[in-house]
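In: just need the structure, nothing else, for what follows:
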Amino acid sequence: MTVRRMAIVVAILAAVAVVIWAVMPGAVPVETALVTKGKFVASVDEDGKTRVRERYVVAAPLSGRLGRIRFKVGDEIRVDDAVATITPSPAPLMDPRTRHEVEERLGAAEANVERAKAVVERARDQSNQVNTDLNRTKTLADRGAATAQALEHAELAVRLADRDLRAAEFLDHAAEHELSQMRALLARYSGGSNANEVPESWTVPAPVSGVVLRVAQESETIVQPSTPLLDIGDPHDLEIVVDVLSTDAVEIRPGADVTIVHWGGQASLSGRVRRVEPAAFTKVSTLGVEEQRVNVLVDIASPAEQWTKLGDGYQVDAQIAVFTKDDATIVPAGALFRRGDQWNVFIVKEGRAQIREVRLVRRSGRLAAIASGLEGGEVVVVYPSDRVASGARVGVRE
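Out: Just a heads-up that it's a prediction; the model follows:
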């Protein structure tokens, strides 16, 4: 009889347990992530495009019939090569007003040559100074008195100074050619050609050596003075233009590190901010909202052999660093939620969610740095739903 009663009691208890288990809520499926420790970098992520640093537009110096341009995009051009031929209309007799205008333009061209020579001298002095600084830094580095970072900055300064000097020399050459054109134009007008004589063809020389980037007018046609004919530049002397929101631009400083990704190569490239332009412009977003944007100019710091395939106008993605913190506590930004004025997260402990108040340092993209409230190695719930509450059973979603 005792054994029978015990069996009945056991059966009743088992049934009660089954009923309790059936009515108990199941574990809420959640996504989890591990709290990590490491270096946190907050960045402004925007897309940008490459462009040739010094671009020269060859324009028609006078009106007339332009012959077909034989150069194609990608062709190399040397300085003084004839890039186009223009057959001008017969020059009319020069009246005093026209002659005065041509003489003034000649004077402006002469002044431009002097200004270009002054720029060359200034760039040459700067190049000599940074080379002296580099030698001094190398000497200090050999003695252990200078850091490797200081040596890298000195080498970068030398490369930038050399580029500025080359650009200044190009400008000087272009100014001299412009002066020659003005002198030839004044000499032609002063000669007073006959309206019935057949005019000779004029050749338009290339102001600098480089590569053809764009042919604006390929076919034969009538052109007016200052009509663009083609663009010349050095495709290996590139910079990156990134337009960012004006609210983000206030945090960006010249010299900030830049990571260049999604440019077509396997590895990312490094760069540095050279300039944040002081003026913003209005741009309409894809949603039709007017935004104030600011151009940020970035120099590519990686060795040139790593990005030889990049060309003018190529699209890239730039991550501009604006804040860094070493040994930071890092969590996914999706784990954070507001409760009142405080940030909170759900941690997973022994299969149950527990709410934890945290103090936020900074958010950037998909990550956030935490000042207090979490420790490395803890597990947090990412994107918690309204079913997740403190004490609720949770299970990792498959």
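
In: identify the residue nearest Gly351 in space, chain neighbours excluded?
Out: Sequence neighbours aside, Arg393 is the residue nearest to Gly351 in space, at 5.9 Å (criterion: Cβ to Cβ, 6 or more residues apart in numbering). Every C-beta, even on glycine, is put in place using the N, C-alpha and C of the backbone.

In: Val120 and Pro205, how far apart?
Out: 20 Å (Cβ to Cβ, to the nearest Å).

In: do the same with Thr147
Out: When Cβ to Cβ is the yardstick, Thr147 and Pro205 sit 48 Å from each other.

In: next one: Ile330
Out: Taking Cβ to Cβ, one finds Ile330 at 59 Å from Pro205.

In: quick one: low-confidence parts of the stretch 51-200 of the chain?
Out: 89-95, 185, 188-199 (pLDDT under 70).

In: now do the strands in it.
Out: In the stretch 51-200 of the chain, the strands defined using DSSP state E, counting those that start in this stretch lie at 55-59, 64-66, 76-77, 82-88.

In: do the stretch 251-398 of the chain as well
Out: Using DSSP E, counting those that start in this stretch, strands in the stretch 251-398 of the chain cover 257-261, 269-276, 281-284, 290-300, 315-332, 337-339, 342-349, 352-364, 367-372, 379-382, 394-396.

In: to Val41, which of those strands lies closest?
Out: Among the strands of the stretch 251-398 of the chain, the nearest to Val41 by Cβ to Cβ is strand 315-332 (5.2 Å).

In: which one of Ile330 and Pro205 is surrounded by more residues?
Out: The neighbour comparison of Ile330 against Pro205 (other Cβ atoms under 10 Å) goes to Ile330, with 21 against 18.

In: how about the nearest residue to the more buried one, chain neighbours excluded?
Out: Nearest non-adjacent residue to Ile330 (Cβ to Cβ, 6+ apart): Thr36, at 5.0 Å.

In: how many neighbours does that neighbour have?
Out: 15.

In: distance of it from Ser268?
Out: With Cβ to Cβ as the criterion, Thr36 and Ser268 are 21 Å apart.

In: who does Ala59 form a beta bridge with?
Out: Under the criterion DSSP bridges, Ala59 forms beta bridges with Pro228.

In: for Pro332, that is, sorry about that
Out: Using DSSP bridges, the bridge partners assigned to Pro332 are Leu367.

In: does it touch Ala368 like I think?
Out: Yes: between Pro332 and Ala368 there is a contact at 7.4 Å, judged by Cβ atoms under 8 Å.

In: test my guess that Asp81 contacts Thr203.
Out: No: the criterion here is Cβ under 8 Å, and Asp81 misses it with Thr203 at 9.3 Å.

In: out of those two, which sits in the more crowded spot?
Out: Using other Cβ under 10 Å as the criterion, Asp81 and Thr203 rank with Asp81 on top: 15 against 12.

In: re earlier: show me the contacts for the residue nearest to Ile330.
Out: By Cβ atoms under 8 Å, 6 or more residues apart in numbering, the contact set of Thr36 is Thr329, Ile330, Val331, Gly376.

In: helix, strand, or coil at the residue nearest to the last one when sequence neighbours are not counted?
Out: Nearest-residue entry for Gly376: Lys37, 4.0 Å, with adjacent residues in sequence omitted and distances by Cβ to Cβ, 6+ apart. Using DSSP: H, G, I helix; E, B strand; the rest coil as the criterion, the local structure at Lys37 reads strand.

In: domains in this structure, by residue range?
Out: Here the domain parsing of the chain from automatic domain parsing is 25-39+326-396, 42-51+236-325, 56-82+201-233, 90-198.

In: okay, the ones you listed in TSV with distance to Met6 next?
Out: Converted to TSV, these look like this (distance: least, Cβ to Cβ, whole Å):
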stretch	distance to Met6
domain 25-39+326-396	32
domain 42-51+236-325	65
domain 56-82+201-233	95
domain 90-198	80
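
In: list the contacts of the residue nearest to Arg253 when sequence neighbours are not counted.
Out: Leaving aside its sequence neighbours, Arg253 sits nearest to Val273 (Cβ to Cβ, 6+ apart; 6.9 Å). Residues near Val273 by Cβ under 8 Å, 6+ apart: Ile252, Arg253, Pro254, Gly255, Ala256, Val258, Val296, Leu297, Val298, Asp299, Ile320.

In: what's the answer for Lys283, then?
Out: Taking Cβ under 8 Å, 6+ apart as the test, what Lys283 contacts is Asp243, Glu290, Glu291, Gln292, Arg293.
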